[in-house]
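*Asks:* output the structure for:
(one chain, ligands or ions: 2)
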Amino acid sequence: MIKVAIFGVGLIGGSLALCFKNDPNIHVIGYSNRQSSIEKYLQRGVVHSATTSLKEAAEQADFIFLCVPVGLLEEYMIELSKCELKSGCIITDVGSTKAAVAKRANQLAFADAYFIGGHPMAGSERSGVEAASSHLYENAYYILTPDKQTPALVVERLKQLLTLTKANIVVMDADEHDEVVGAISHLPHMIAVALVNQIRQYNENNELYEMLAAGGFRDITRIASSDPIVWRDILLHNKEVVLRLLHDWSKQMTDFASILQNDDGKAIIAAFEQAGQFRSKMPERRKGIIQSIYDCYVDVPDHPGIIGNIAGELGKQRINLSNIQIIESREDIPGVLRLSFHDQLSLDQAMEHLQSIGYAVHM
Ligand SMILES: NC(=O)c1ccc[n+]([C@@H]2O[C@H](COP(=O)([O-])OP(=O)(O)OC[C@H]3O[C@@H](n4cnc5c(N)ncnc54)[C@H](O)[C@@H]3O)[C@@H](O)[C@H]2O)c1
Ligand SMILES: O=C(O)C(=O)C[C@]1(C(=O)O)C=C[C@@H](O)C=C1
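*Replies:* Numbering: from 1, shown residues only. Ligands and ions are numbered 1, 2, ... in the order given. Okay, the predicted model is just below:
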């Protein structure tokens with residue numbers, strides 16, 4: 001029996017636990033320092049067993065996944081270096097930054113255990129074990145950043161286990177990871193938060209901002225609802241890279257401003273065309289439940305029974321939904337539902353039908 005210990009069974013750790021748990025040769029142990037958390041893990045059936053003893057979880061494990069905010073990784077690595085780990089044990093993490101943890105792992109002595117940095121490029125703005133899904137990693141990239149000294153066979157063992165996530169494994173250098181992921185993940189999170197806060201300030205004097213915010217604003221700002229602690233740690237750990245990216249971002253905004261100052265319509269068209277072309281080349285690989293590409297959004301009045309009504313309407317047309325998720329719903333403000341489908345045809349049929357019966361549907 002292979003024993004996999006997951007430290008921090010939240011969105012990312014819980015989704016990994018669900019991927020591993022169905023394999024009859026794997027026993028998944030959940031670790032949290034809080035009794036209430038381990039009770040929740042067991043209640044939700046995400047792990048086979050759970051403990052508040054770090055030593056107990058660590059010392060029986062063949063694989064240890066550190067799935068806590070990146071600011072806690074160092075503390076956990078130090079604790080693990082004091083444990084009597086199994087010979088050949090592989091410690092890995094899922095943190096969104098990789099250089100700092102790689103450096104720390106190099107400084108610590110792990111007897112006969114190995115550390116391999118990891119980062120699944122999938123997630124959501126939601127957090128906690130309640131948001132975990134066994135489909136989260138399907139077709140996503142899962143990055144590994146092994147040290148050059150790590151034996152190839154050890155990396156292979158981790159890759160083998162991770163096939164259960166149905167993700168595509170890619171190996172890269174930790175510093176390069178932080179550069180690239182800083183640009184395509186960390187920078188967008190800061191932009192989304194800054195944008196929402198800008199509008200939040202306007203809204204203090206005029207609630208029309210909040211009321212009229214539609215698809216465009218919601219699409220670009222979904223990730224502004226991400227967990228503040230997780231993101232505090234990510235941004236502080238990748239500070240140097242992120243500061244450089246912010247500098248480049250300010251330049252982009254200044255360039256836009258001068259295009260407008262000059263009434264340069266051609267430059268506006270060129271900017272949209274270049275962006276559109278680049279974006280349309282991006283691979284359409286997100287087919288997990290949370291990140292289905294066959295998604296549409298429906299604006300819905302916030303009253304009971306609306307989800308049942310939409311699901312019923314689609315059922316009558318024999319259109320199969322793969323997922324339905326409430327994106328936002330508050331008193332007096334229209335909510336938004338995200339509907340996911342398995343294929344383009346179902347998506348097209350659903351949009352056409354819902355529009356024909358009066359729903360506002362958009363991509
Ligand atoms: N959210 C994403 O989209 C995403 C994607 C890829 C990687 N990651 C990385 O995954 C890691 C976990 O993020 P998540 O989104 O699953 O967050 P989460 O909040 O859903 O889960 C975090 C887990 O860590 C535990 N934890 C938090 N503070 C703790 C503390 N002080 N002591 C002990 N345990 C503590 C929580 O109980 C929870 O089980 C982070 O390092 C993050 O950078 C996140
Ligand atoms: O889809 C989302 O909501 C995410 O924020 C996922 C996302 C990303 O930025 O793409 C966030 C953090 C990660 O470390 C990896 C993936």
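*Asks:* what residues does the strand or helix carrying Gln160 touch?
*Replies:* In this assignment (DSSP states H and E), Gln160 forms part of helix 152-162. When contacts are defined by Cβ atoms under 8 Å, 6 or more residues apart in numbering, helix 152-162 is touched by residues 2, 4, 20, 63, 88, 90, 92, 114, 116, 118, 142, 144, 146, 169, 171. Glycine gets a C-beta too; all of them are placed from N, C-alpha and C.
*Asks:* select only the buried ones of the residues you listed in PyMOL?
*Replies:* PyMOL command restricting the contacts of helix 152-162 to the buried ones, with burial defined by 16 or more other Cβ atoms under 10 Å:
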select buried, resi 4+20+63+90+92+114+116+118+142+144+146+169
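*Asks:* tell me which of the contacts of helix 152-162 fall in helices.
*Replies:* Where those overlap with helices, as defined by DSSP state H, the overlap consists of Phe20.
*Asks:* next one, pLDDT for Asp302 please.
*Replies:* The predicted structure scores Asp302 at 66 on the pLDDT scale.
*Asks:* er, Gln349 actually
*Replies:* The per-residue pLDDT reported for Gln349 equals 90.
*Asks:* how about Tyr31?
*Replies:* What the model reports as pLDDT for Tyr31 is 98.
*Asks:* since we're on it, how many residues are nearby?
*Replies:* By other Cβ atoms under 10 Å, 30 other residues sit near Tyr31.
*Asks:* what about Asn25, distance to ligand 2?
*Replies:* Going from Asn25 to ligand 2 by Cβ to the nearest ligand atom, to the nearest Å gives 29 Å.
*Asks:* before we move on, what SS does Val68 have?
*Replies:* The three-state label for Val68, taken from DSSP: H, G, I helix; E, B strand; the rest coil, comes out as coil.
*Asks:* OK, contacts around it?
*Replies:* Taking Cβ under 8 Å, 6+ apart as the definition of contact, the neighbours of Val68 are 7-8, 10, 13, 76.
*Asks:* hmm, try it at 10 Å
*Replies:* The contact partners of Val68, by Cβ atoms under 10 Å, 6 or more residues apart in numbering, come to 7-10, 12-13, 31-33, 75-76, 93-95, 229-230, 233.
*Asks:* ok, now how distant is it from Ile6?
*Replies:* Applying Cβ to Cβ, to the nearest Å, the value for Val68 to Ile6 is 10 Å.
*Asks:* same check, this time on Gly14
*Replies:* 8 Å.
*Asks:* shared neighbours of these two, anything?
*Replies:* Shared contacts of Gly14 and Ile6, defined by Cβ under 10 Å, 6+ apart, are found at 30, 41, 46-47, 67.
*Asks:* these also near ligand 1: which ones?
*Replies:* Contacts with ligand 1 are made by Cys67 out of the shared contacts of Gly14 and Ile6, judged by Cβ under 6 Å from any ligand atom.
*Asks:* so which of the shared contacts of Gly14 and Ile6 are in strands?
*Replies:* Judged by DSSP state E, strands contain the following of those: Gly30.
*Asks:* most neighbours among the shared contacts of Gly14 and Ile6, please name it.
*Replies:* Per-residue neighbour counts (other Cβ under 10 Å) across the shared contacts of Gly14 and Ile6 peak at Gly30, which has 28 neighbours.
*Asks:* can you pull the contacts of that residue?
*Replies:* If you count contacts by Cβ under 10 Å, 6+ apart, Gly30 has them with 4-9, 13-14, 17, 37-38, 40-42, 44, 46-51, 57, 67, 129.
*Asks:* looking at the residue most central in space within the chain now. What's its pLDDT?
*Replies:* Among the residues of the chain, the one closest to the centroid is Gly123, at 1.5 Å (Cα atoms, centre = their mean). The pLDDT attached to Gly123 in the predicted structure is 92.
*Asks:* from memory it sits against Val230, does it?
*Replies:* Yes: the criterion here is Cβ atoms under 10 Å, and Gly123 meets it with Val230 at 9.4 Å.
*Asks:* state the distance from the most far-flung residue of the chain relative to its centre to ligand 2.
*Replies:* Distance from the C-alpha centroid of the chain, by Cα atoms, centre = their mean, peaks at Asn262 (39.9 Å). In this structure, Asn262 and ligand 2 are 34 Å apart, going by Cβ to the nearest ligand atom.
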